[in-house]
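Q: Fold the following for me, if possible:
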Amino acid sequence: MSETTGLRADCTRCVGLCCVAPAFTASADFAHDKPAGRPCPRLGADSRCGIHDELRERGYPGCVVFDCFGAGQRVSQVTYPGRDWRDDPTTAAGMFAAFAVARPLHELLWYLTEAMALTPHGPLRDQLRAARDATDTLAAGTPGELASVDVDAHRGRVNPLLAAASEAARAGTGGADRRGAMLLGANLRGADLTGANLRGACLVGADLRGADLRRADVTGVDLRGADLRGADLSSTLFLHQSQLEAARGDRHTALPARLRHPGHWTGLTLTPTRRLGAPGRGRRPRR
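A: Residues are numbered from 1 along each chain as shown. Below is the predicted model of the structure:
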């Protein structure tokens, strides 16, 4: 599997697993309830979404920001080559179970690949590569082997290596430790978050206009509705496209070369901001 292309979702090579296997709950992210294993009513017989270009407008922003990191095509083309969940219930149950395991493993593969790119040659990089190879081996298992994988235990073994790679990449920045911080609707406009450890932080609806997030670790950060207009994310660590899709921004938002400005950012303009020396205190979003 390619270290890059194999970790990008390719819906043309998948049988719509993300539209069937998971359960949806009616919310701001999904327009209706859907139990696990039942196809979304918007899914066509060709395994394509019938409203793909209108998902946000039709009440499905959760679908827009979902990323399988390539697990969908792997299960469809490798684990169950030439088979479709529509063919029989046994195949369906097995494919959905395999996808539920392969998806978090592919997410770990993505993080490990990113960590390797950040880490110079040496013992830590060797450990990251070994962890990546072990994770890939698990993801390449048969349906029966995938069913026996303890994803949480494996993640527990991998996370310390990812944390070590993050610390090495952020060394010398003096960034604040905001791991797991509840920053819902926080006023971080113009904040200097250079090198900050934001792993697992909640930044839903946060005002990050003009903020400096260079070399900040945003692993698992919830950026739904966050305002990134004019923010500098040009060297943000572990930033992936689905986080940007969940946020707001504009053409002034600086991104790494490997990522793109989401289409729904078009037309937003930057409001001039004042650079602050430290993150502002959290506050509830205005209603």
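Q: Which parts of the stretch 151-287 of the chain are helices?
A: Secondary structure of the stretch 151-287 of the chain (DSSP state H, counting those that start in this stretch): helices located at 151-170, 241-246.
Q: Make CSV from those helices and add distance to A98 and mean neighbour count to it.
A: C-beta here means a position set from N, CA and C on the backbone, and glycine is covered the same way. Compiled in CSV, the helices of the stretch 151-287 of the chain are given as follows (distance: least, C-beta to C-beta, whole Å; neighbours: other C-beta atoms under 10 Å):
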stretch, distance to A98, mean neighbour count
helix 151-170, 12, 16
helix 241-246, 21, 20
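Q: and those helices, which one is worst for confidence?
A: Comparing mean pLDDT across the helices of the stretch 151-287 of the chain, the weakest is helix 241-246, with a mean of 94.
Q: what are the C-alpha coordinates of it, in PDB please?
A: Extracted in PDB, the C-alpha atoms of helix 241-246 (Å, rounded to 0.1, in the frame of the first residue of the first chain):
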ATOM      1  CA  GLN A 241      -8.400  17.800   5.500                       C
ATOM      2  CA  SER A 242     -11.500  16.800   7.300                       C
ATOM      3  CA  GLN A 243     -10.700  19.200  10.200                       C
ATOM      4  CA  LEU A 244     -10.600  22.000   7.600                       C
ATOM      5  CA  GLU A 245     -13.900  20.900   6.100                       C
ATOM      6  CA  ALA A 246     -15.500  21.200   9.500                       C
END
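Q: name the helices or strands packed onto that helix?
A: On a contact count with 3 or more C-beta pairs under 8 Å, 6 or more residues apart in numbering; DSSP states H and E, helix 241-246 meets helix 61-65.
Q: Give me the helices and strands touching whatever helix or strand comes next after the helix it packs on, please.
A: Sequence-wise, the next helix or strand downstream of helix 61-65 (DSSP states H and E) is helix 71-74. Other helices and strands packing on helix 71-74, by 3+ C-beta pairs under 8 Å, 6+ apart, are helix 89-118.
Q: Okay, the residue with the largest distance to the centre of the chain and Y80: tell me how far apart.
A: Largest separation from the mean C-alpha position in the chain: D88, at 31.5 Å (C-alpha atoms, centre = their mean). D88 sits 12 Å away from Y80, taking C-beta to C-beta, to the nearest Å as the criterion.
Q: Distance to F24 for the helices of the stretch 151-287 of the chain - can I get that in CSV?
A: Listed next are those as CSV, based on distance: least, C-beta to C-beta, whole Å:
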stretch, distance to F24
helix 151-170, 21
helix 241-246, 16
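Q: Quick one: closest of these to R74.
A: With respect to R74, and counting by C-beta to C-beta, the nearest of these is helix 151-170 at 15.1 Å.
Q: Next, the residues that contact the closest one from outside, please.
A: Applying C-beta atoms under 8 Å, 6 or more residues apart in numbering, the set of residues contacting helix 151-170 from outside is 101, 104-105, 108, 111-112, 115-116, 118-119, 124, 127-128, 131, 134-135, 138, 195, 197, 199, 215-217, 219, 237-238.
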